[in-house]
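Visitor: here is a sequence with its predicted model. Questions after.
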Amino acid sequence: MNDCLFCKIIRGEVPSTKIYEDEYVYAFKDIEPIAPVHYLVIPKEHIESAAKITPENSAVISHIYEVIAKIAKNEGLDDGFRVVNNCGEIAGQTVFHIHFHLMAGRKLEWPAG
């Protein structure tokens, strides 16, 4: 998707602070963090939302969770972390490229905050 913000970040057209990258996944710091640690983990393949996960693209979602575990270990998030995915505008999704918020570094309340 040429106009997708996260696709532009992956292509290097929009700057980001990279945390992790491999063949399938890109992770970077959120520009409006709500926790001391707040990263976005995204597939390089454009998938609009969790509602668009299929048997053909689900392997990358599994890989994203493996990457999240690796990032958490590398960052020393032994006290815990939260992973959030918003699906659809009413749920708070603002960029329609599936992404997972990895947050930690303080006590996180529920509902999210």
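Guide: Thanks, I have it.
Visitor: gap between Lys18 and Ile71?
Guide: Lys18 sits 11 Å away from Ile71, going by CB to CB, to the nearest Å. C-beta: built from backbone N, CA, C; applies to glycine.
Visitor: more crowded one of the two?
Guide: Neighbours were tallied for Lys18 and for Ile71 using other CB atoms under 10 Å; the higher tally belongs to Ile71 (20 against 13).
Visitor: now the element after the host helix or strand of Val83, going C-ward?
Guide: For Val83, the enclosing helix or strand under DSSP states H and E is strand 82-84. Toward the C-terminus, strand 82-84 is succeeded by strand 100-104 as the next helix or strand (DSSP H and E).
Visitor: pairing partners for that following strand, with directions?
Guide: Pairing partners of strand 100-104, with direction, according to DSSP bridges: strand 37-43 (antiparallel), strand 82-84 (antiparallel).
Visitor: now do the closest residue to Asp79 other than its chain neighbours, the pLDDT please.
Guide: In this structure, Asp79 finds its nearest non-sequential neighbour in Ala104, 7.4 Å apart by CB to CB, 6 or more residues apart in numbering. At Ala104 the predicted local confidence, pLDDT, stands at 97.
Visitor: from Phe6, how far off is Ala104?
Guide: To Phe6, Ala104 is 21 Å away according to CB to CB.
Visitor: in this protein, which ranges drop under the pLDDT threshold?
Guide: Segments of the chain classed as low confidence (criterion: pLDDT under 70) are 1, 112-113.
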